[in-house]
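[1] no sequence on hand, only this structure:
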């Protein structure tokens, strides 16, 4: 099979670099186009990230030679790419993603800019791949031909939403109170100053709690008529904290369901849970999306974030609560499952389902 | 005024050293007796802690010369001390605290051994100084003459229980879900391995959640007849985590009251809150027991733990929740307010109220 | 005594804030003027540092109300200030310090901009207060009337230069090889990304090794004719590293002297060493400028940086080397002794010696 | 090829676990025997390390089932093993390694106990594989038949000794002054308390400087008659520090050679350097033993420790010194190249050279 040619919008930042690292040797995709801000555009990629390549694997040689394009070289992108990943920040995503889509280029995005749009699917493949059906409606709404925008949710959700969803199908999620302890790579680069995080925790991340509370409503929503209608039958409350950890967002979860499951039911459901990524055996799909650790002190970011290439969610410490029915701890790798890896998995799903070709 | 002479049981460990540091230049108390395990007993204190004095202030000279006693030199203690602080671990506390009390020595303890005893007061001076009335009953029950045991609660509570209590008086606490991010000094020395905590969070601390859930029931309970009866009208659920922070336990709190207060009421109550320590103007009492920070990202352990000599609780981020009525973040210094400083404040209260003389 | 009125150039950055913290309650100086870049100018100081006040003590109330001036409001500064501290970065220092001096304002600077100027004294009070004699020459050279520039050296030197100087007087420094492990506060704010420093050491700090190697030559130099002539009789070689420590620069030192001292001589000299700051009993002077710790594992940044208000240098581990004569470890607080505290001490000396009045 | 069966002495500690992790899927070796102290002996391995398995990969299933033997079950070991790896501490190594060797079992050791023995080879395969010729002499000396002891040097050397040796062959090493910044995994488990290492550096590691200074003399020595004679023609002086890094020892090196090489010569020699591990293409050998990074701020532990499975040494920042001829920075993975990986490479060499069969 000939590899599909892909572009990366904002390919020089933390998430862009992670895309490049994860796409090295990808069986389906090959990076041929990278755009970035004025500062980097016009340079070779290796020059553009000189002194700013943050990863422990070396910059792939073929990528090093790519000439970084300006954001507005959309025609060039259209010519050489089958689709693009967007690692843009929120403001530029608002400006550029629609322009790329309008030009006929599918945009698989990490950005928050379009997550509230009722005709833009926000996908976790194991949860709501059916939302992809909104894409033709989106194209009709916006008068786009081949292009469209599909997004992934915020990184902070990944450590608990899939485990909750697995149970929600049978027991109906009612309410959850969540505290996240989030890694610094989630803040981009340079992100949080080391002065603020040595011997410290910062109990606030701008915008993060709102995303944690809203986005699950949409992901667990339904397509009704021509739009995705949020699920307002449950409530989530989040406290988001920044901790001195490089990678891996940890969450403590207290949860009530409409019907109280037994401990055994929960563990069985988590163990047997599979989604469409596993059915399709997508290249980036974890074998087992939810891994339960029996040890009393797991999951831990350092020990569990890289499990199954960083694409699985690890849970542990399931126990009854004395306020809500259950408590547990969840963990996922924020720049893999929660960002670039999640975007790639979405793209694989879009290819498999025929939305990208 | 002549200073009272005090002993420290287990004076060589992390908490014992903190007692010694905080009692240097104390206006009422002077350390004259230190006991420790066999390994240290018989040595001069400076020898006993050689290579293990962990604090950034130097070992006080007069303390350095004290000969460390064996735990069983109770008669010697009785002779020279007006009372003792116990920094014993749970198991030795069970063994030794009663023996000291039986010998007529008041024991002001940090240990968990007697926290469940219905005739032992577990005191936070600003909350339940009235529980001291159980002491004569304890002495009668146990046939003790001058000795008794008074304890303080676990360090993990301090960052949220006083703020909750201040509101409870008027609005009745109904339920709270709490996640703590606790400093390593809380684990004693050597405590947690650096291998486990660099680039990591450990989402489990043995026994800590049980203490966080039970102890508030007793502290907010009442003396009925000859015992302290727990308050079972509210429920607390806790997730306790160890984070790479030296000092200062941080807690995210979600809470429901029987009557929902307004934001203004809460802030006013916190601001104006005073307890008996403030009324008596005890030497170790913070001027303002609860300090609210307006900044969006406070309290932080590194910035706020030392406020008012480490004896105040700092709160911040008060906001409505979308599951429970309110959310906030609390912080207290775990080895000061949460351990040695809290013990000293208890002793000051016991002196002022005439239980120690 | 009426306090002298002082200004701070670049008063909103990391070093500027430290100046403000250290000058609160200073017996001789009172901050009345603060200048900063366009972004902050025109705002109240409390507004200008909102969300960027990094210190654990609160912003002093009187400072909070000061209106931040533009850099070019030199006339206003002249009117209200007896002298200024400059916490400017190197480039703006080059631009502005001379303008302030020309306007008749003494500038006590932390910046590197003028350290190479042969008529600008680079002062460590305990070492080379005699270099102040160059000031009248500087004023003549530059046709300045009351203004002048006096600078302090780079923060990385402080942990070893004073101990070396104390020995140099008798035994003549020949050569030294030094490795520094420097705290993140030395990089300003936001400085080093936490992503780069959790579980890591960065073995490079731009410009730092050059400063470490050059500046001691000037400090140990002599005034000959109308200029300070560097001392080129010894050589220093430095490796500078950034480590995950908040405050406190640590240095390992290997050193050869022309005449080999005995261990006892070294310890005696360090113990008895006093400088002019101690003779004058300057308000910010440490009682003992060099403190030797006998423990095998000291000095350590966390334990020793704050000794004597952060103004003393702590040394330890003196032992013979098997390449050079001796080895030892030195430590100093980089934002106190190495930056704002050192600047204040210089100003105190300048006042005492009559250069500022 | 049938795999050789190997034992691990002290298989439950930090280094023992690393052996087990690295030997999973080893093409030549299979772990069949594990011994440990009384506390663990008699248990299944999975039980023995319960709550103490520190690695992010799971315990291999076949290893989990192994019954841990007592140290004195030497006969059992002899029966089932072709040779053993010793991860013993220094004191038990002194006691047990000779007993295993006497029983006819080759012992490939990480311990320091026999490093000073003149008939025990201390091997870095790329440097001194010729020292293996001492083994028959050792066996004759000690009246051992098939058993022998071969050791590897201390982990702190690996980051600089191979780069120095590569140059030494042509330019003769004269003297070097080295400062190491060593990771916590080098201290075993639990090793250094997190209380001592958050926001801190400890400038002392017991015994480490002596090893750093002595061991290179033996490794660069020659077999003369019946013993290894140390090379005393050069001198090394070391400062060893513990830094808050999980894995990877970093060293700053200042060095003089008898003949001063040019920068180009050094870089060429490092680039082209190969040892016997590369000639034999041993399974654990790095492709390129010395990797030079051009970036101004490398090597860094977090980014470079895992290069080539953690078996290569990374160097950078080569520049002239102004005391010695050259300066550079070196890095190696202390528990891989510096411990278990180095031991495995030694065993592979011993097999290839026919000493183990």
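    Done, it's in. Here the structure is a predicted model, which means the values were calculated and not measured.

[2] quick one: the strands in the stretch 201-350 of chain A?
    For the stretch 201-350 of chain A, the strands defined by DSSP state E, counting those that start in this stretch occupy A:222-224, A:227-229, A:235-242, A:249-257, A:290-293, A:313-320, A:326-332.

[3] off-centre distance for the second one?
    Think strand A:227-229. 20 Å (CA atoms, centre = their mean, to the nearest Å).

[4] tell me who's in contact with the nearest residue in space to residue A:344 that is not next to it in sequence.
    Among residues not flanking residue A:344 along the chain, residue A:284 sits closest, at 5.0 Å (CB to CB, 6 or more residues apart in numbering or on different chains). The way it works is simple: take the backbone N, C-alpha and C, and place the C-beta from them, glycine included. By CB atoms under 8 Å, 6 or more residues apart in numbering or on different chains, the contact list for residue A:284 reads A:22, A:277, A:309, A:311, A:341, A:344, A:345, A:348.

[5] mind picking the two most distant members of the residues you listed?
    A:22 and A:277 (15.1 Å; CB to CB).

[6] give me the number of residues near whichever residue of the stretch 251-357 of chain A sits closest to chain D?
    Here the stretch 251-357 of chain A gets closest to chain D at one residue, residue A:303, 4.7 Å apart by CB to the nearest CB. A count of neighbours around residue A:303, defined by other CB atoms under 10 Å in any protein chain shown, yields 24.

[7] which SS class is the closest residue to chain D within the stretch 1-150 of chain A?
    In the stretch 1-150 of chain A, no residue comes nearer to chain D than residue A:56, which is 4.8 Å away by CB to the nearest CB. Counting by DSSP: H, G, I helix; E, B strand; the rest coil, the backbone at residue A:56 sits in coil.

[8] do any residues in stretch A:315-326 lie close to chain D?
    No. Looking at stretch A:315-326 against chain D by CB under 8 Å from any CB of the partner chain, there are no contacts, and the closest approach is 13.4 Å.

[9] coming back round to it: make JSON lines from the strands of the stretch 201-350 of chain A and add mean pLDDT and mean neighbour count to it.
    Below are these laid out as JSON lines (pLDDT from 0 to 100; neighbours: other CB atoms under 10 Å in any protein chain shown):
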{"stretch": "strand A:222-224", "mean pLDDT": "97", "mean neighbour count": "13"}
{"stretch": "strand A:227-229", "mean pLDDT": "98", "mean neighbour count": "18"}
{"stretch": "strand A:235-242", "mean pLDDT": "98", "mean neighbour count": "24"}
{"stretch": "strand A:249-257", "mean pLDDT": "98", "mean neighbour count": "27"}
{"stretch": "strand A:290-293", "mean pLDDT": "98", "mean neighbour count": "20"}
{"stretch": "strand A:313-320", "mean pLDDT": "98", "mean neighbour count": "21"}
{"stretch": "strand A:326-332", "mean pLDDT": "98", "mean neighbour count": "27"}
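
[10] redo those as CSV? Include distance to chain B.
    Formatted as CSV, these follow (distance: least, CB to the nearest CB, whole Å):
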stretch, distance to chain B
strand A:222-224, 21
strand A:227-229, 19
strand A:235-242, 4
strand A:249-257, 4
strand A:290-293, 11
strand A:313-320, 6
strand A:326-332, 5
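
[11] which residues touch residue A:153?
    Residues in contact with residue A:153 (CB under 8 Å, 6+ apart) are A:115, A:122, A:124, A:161, A:211, A:215, A:216, A:219.

[12] what do you get for residue A:66?
    Residues in contact with residue A:66 (CB under 8 Å, 6+ apart) are A:31, A:32, A:33, A:34, A:44, A:45.

[13] you'd agree residue A:41 is up against residue A:69?
    Yes. The pair residue A:41 and residue A:69 passes the contact test of CB atoms under 8 Å, sitting 6.2 Å apart.

[14] so what sits against both of those two?
    Joint contacts of residue A:41 and residue A:69 (CB under 8 Å, 6+ apart) are residue A:35.

[15] the closest residue to chain D within the stretch 151-300 of chain A: which element?
    Of all residues in the stretch 151-300 of chain A, the one sitting closest to chain D is residue A:199 (4.2 Å; CB to the nearest CB). For residue A:199, there is no host helix or strand (DSSP states H and E).

[16] from the contacts of residue A:153, which single one is nearest residue C:166?
    residue A:211 (58.3 Å).

[17] any idea how far the residue of the stretch 1-150 of chain A at minimum distance from chain B lies from residue D:36?
    Nearest residue of the stretch 1-150 of chain A to chain B (CB to the nearest CB) works out as residue A:56 at 13.1 Å. Distance, residue A:56 to residue D:36, using CB to CB, to the nearest Å: 33 Å.

[18] next one: residue A:287
    Noted for residue A:287: a distance of 33 Å to residue D:36, by CB to CB.

[19] okay, these two: which has more neighbours?
    More crowded of residue A:287 and residue D:36, by other CB under 10 Å: residue D:36, with 25 against 12.

[20] what helices or strands is the helix or strand hosting residue A:46 leaning on?
    Using DSSP H and E, residue A:46 falls within helix A:45-48. On a contact count with 3 or more CB pairs under 8 Å, 6 or more residues apart in numbering or on different chains; DSSP states H and E, helix A:45-48 meets helix A:61-64.
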